[in-house]
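>>> Here is a sequence with its predicted model. Questions after.
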Amino acid sequence: VLSRPEESCADNCRRLGGRCDGMAPRPDIALLSALAKSMEEPCSRIVEGGSVYDPSVGWSVTEPLRICRWRTSAAASVDDFCAASPPRGLAARRFCPCRFDGGGDGGDELGQEDAAPPPQPAPGAGPP
């Protein structure tokens, strides 16, 4: 789930009715690129990152590019990863591994926060 700018995954998942699963595997470069594109946040460039709040997407402070950062800090604990917020002013959004228990298959979600509802059939297109 893509967070709001400067929001931690713990706060983002809780706001959406779930919890941050800090034990979930982090996306690799290919998965991060696909996730960002599917969420209409395509990466202009993908860099290693390495901050406790990565994986994330945000604007470059030196170039007009949308930068995706894929690698989390190796020193980040599970609690630190979930609680970390991108620095103020960076407007970075985190890719959060939220778990939503009690519905569906109970699995992890790394999807779009505001997914469109399924298409509705046209009037009169239903069964006779």
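Perfect, I can see it now. Source: prediction; values computed, not measured. Numbering: from 1, shown residues only.
>>> from here on, contacts and neighbour counts on C-alpha atoms
Fine.
>>> Would you confirm that G22 belongs to a helix?
No - the assignment for G22 by DSSP: H, G, I helix; E, B strand; the rest coil gives coil, which leaves it out of any helix.
>>> residue ranges with poor pLDDT in this structure?
102-128 (pLDDT under 70).
>>> Next, the residue nearest the centre of the chain: phi, psi?
In the chain, the C-alpha nearest the mean C-alpha coordinate belongs to F95, at 2.1 Å (C-alpha atoms, centre = their mean). Per-residue torsions, F95: phi -90, psi 110 (degrees, to the nearest 10).
>>> Which stretches in this protein count as helices?
Listed from the start of the chain, the chain has helices (DSSP state H) covering 9-15, 29-38, 78-83.
>>> Compare these and give me the one nearest D21.
Nearest to D21, of all those, is helix 78-83, at 7.6 Å by C-alpha to C-alpha.
>>> Could the C-alpha coordinates of the closest one be exported in CSV?
Extracted in CSV, the C-alpha atoms of helix 78-83 (Å, rounded to 0.1, in the frame of the first residue of the first chain):
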residue,chain,number,x,y,z
VAL,A,78,11.2,-4.7,12.1
ASP,A,79,9.9,-2.0,14.5
ASP,A,80,12.1,0.7,13.1
PHE,A,81,11.1,-0.2,9.5
CYS,A,82,7.3,0.2,10.3
ALA,A,83,7.7,3.3,12.4
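>>> my read: the residue nearest to the centre of the chain touches C68, true?
No - in this structure, F95 is not within contact of C68 by C-alpha atoms under 8 Å, at 9.9 Å.
>>> Mutual contacts of these two, please.
P55, S56, V57 (C-alpha atoms under 8 Å, 6 or more residues apart in numbering).
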